[in-house]
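Asks: curious how this folds, go ahead:
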Amino acid sequence: MYSKIKFIVLTMAIILLIFFGFYIKNQENKGVLNSKVRQTVQKQAYDKMENYEKYWLEKSIPSMKVTNLSNEPIIIENNSSPSLYVVWASWCPDCQRELPIIDSLYNEFSENVNFITIDLVGFKGETIEDAKRMCEDKDLSVPVFFDTTKQVYQKLNIFAIPTLFFVNNKGIIKNIIIENADESTCRKLIKNLLVSNKS
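Replies: Model (predicted):
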């Protein structure tokens with residue numbers, strides 16, 4: 001009787017070890033697969049950004065109809081001054097982080113550069129009220145406009161936010177930053193616009 005119980009226990013232990021081995025191997029395979037999937041997704045995102053930049057660089061930024069804080073329609077178009085366009089939404093973590101940076105740069109360069117921040121109303125549930133609330137919470141002074149008709153979204157083929165367009169005094173897009181903008185890089189690109197404006 002004792003040997004029979006011992007045999008059953010030993011058999012169960014072997015089965016558990018085999019099962020555990022399969023489980024570990026499966027998890028390892030999942031890890032490799034997840035890593036490969038992650039690398040593929042990252043490469044696709046990078047390629048999409050690169051292709052987007054290649055398409056728009058050295059092209060004229062289109063005129064676009066937006067509304068201002070008073071819900072009045074405004075046509076944004078080149079006015080012979082360098083401009084920084086920022087397309088954003090309040091729910092976007094990168095936008096929440098970068099808009100105060102843009103606001104700081106606005107306070108520094110607004111005499112010579114147009115700052116045009118455009119909230120994508122309706123993009124993934126974005127509302128004017130949410131945008132206004134975020135601007136108030138962060139005490140932003142940079143001009144804010146609203147893409148209520150999706151014209152900005154469609155004309156610029158926006159696929160990720162924030163997207164920043166550095167536009168020279170002739171309305172030509174000279175640089176684009178998608179998603180990750182830091183203050184020093186933005187300041188450098190703005191200064192480049194001002195230098196080219198004098199030449």
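
Asks: quick check: residue 82 vs residue 68, distance?
Replies: Distance check for residue 82 against residue 68: by C-beta to C-beta, to the nearest Å, it reads 21 Å. (Each C-beta comes from the backbone N, C-alpha and C, glycine too.)

Asks: same drill for those two, tell me which one is more crowded.
Replies: residue 82 (25 against 12; other C-beta atoms under 10 Å).

Asks: which residue, other than its chain neighbours, is closest to the more buried one?
Replies: Among residues not flanking residue 82 along the chain, residue 193 sits closest, at 3.8 Å (C-beta to C-beta, 6 or more residues apart in numbering).

Asks: chain center to the helix or strand containing that neighbour, what's the gap?
Replies: Element membership for residue 193 (DSSP states H and E) is helix 183-198. The chain centroid and the centroid of helix 183-198 are separated by 21 Å under C-alpha atoms, centre = their mean, to the nearest Å.

Asks: buried residues in that helix, which are they?
Replies: 186, 189-190, 193 (16 or more other C-beta atoms under 10 Å).

Asks: one more: stretch 140-160?
Replies: By neighbour count on 16+ other C-beta under 10 Å, the buried set for stretch 140-160 is 140, 142, 144-148, 151-153, 156, 158.

Asks: span of that stretch from start to end?
Replies: 22 Å (C-alpha to C-alpha, to the nearest Å).

Asks: and it, average pLDDT?
Replies: Average pLDDT, stretch 140-160: 96.

Asks: care to break the protein down by domain?
Replies: 1-56, 64-198 (automatic domain parsing).

Asks: looking at those domains, which has the lowest confidence?
Replies: Looking at the domains of the chain, the bottom one is domain 1-56 with a mean of 66.

Asks: so how far is stretch 86-102 from its chain's centroid?
Replies: 8 Å.

Asks: which other residues reach the helix holding residue 193?
Replies: Helix 183-198 is contacted from outside by 81-82, 84, 101-102, 104-105, 108-109, 112-113, 164, 166-169, 174-175, 177, using C-beta atoms under 8 Å, 6 or more residues apart in numbering.

Asks: if any of those residues are buried, give me the ChimeraX selection for them.
Replies: To isolate the buried ones among the contacts of helix 183-198 in ChimeraX, judged by 16+ other C-beta under 10 Å, type:
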select :82,84,101,102,104,105,109,113,164,166,167,168,169,174,175,177
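
Asks: so of the contacts of helix 183-198, which ones are in helices?
Replies: Under the assignment DSSP state H, those contribute 101-102, 104-105, 108-109 to helices.

Asks: which one of the residues you listed is nearest residue 91?
Replies: The closest of those to residue 91 turns out to be residue 102 (C-beta to C-beta; 17.1 Å).

Asks: and residue 198, how far is that from residue 82?
Replies: 10 Å.

Asks: was I right about residue 169 contacting residue 81?
Replies: Yes. Here residue 169 lies in contact with residue 81, judged by C-beta atoms under 8 Å, at a distance of 5.7 Å.
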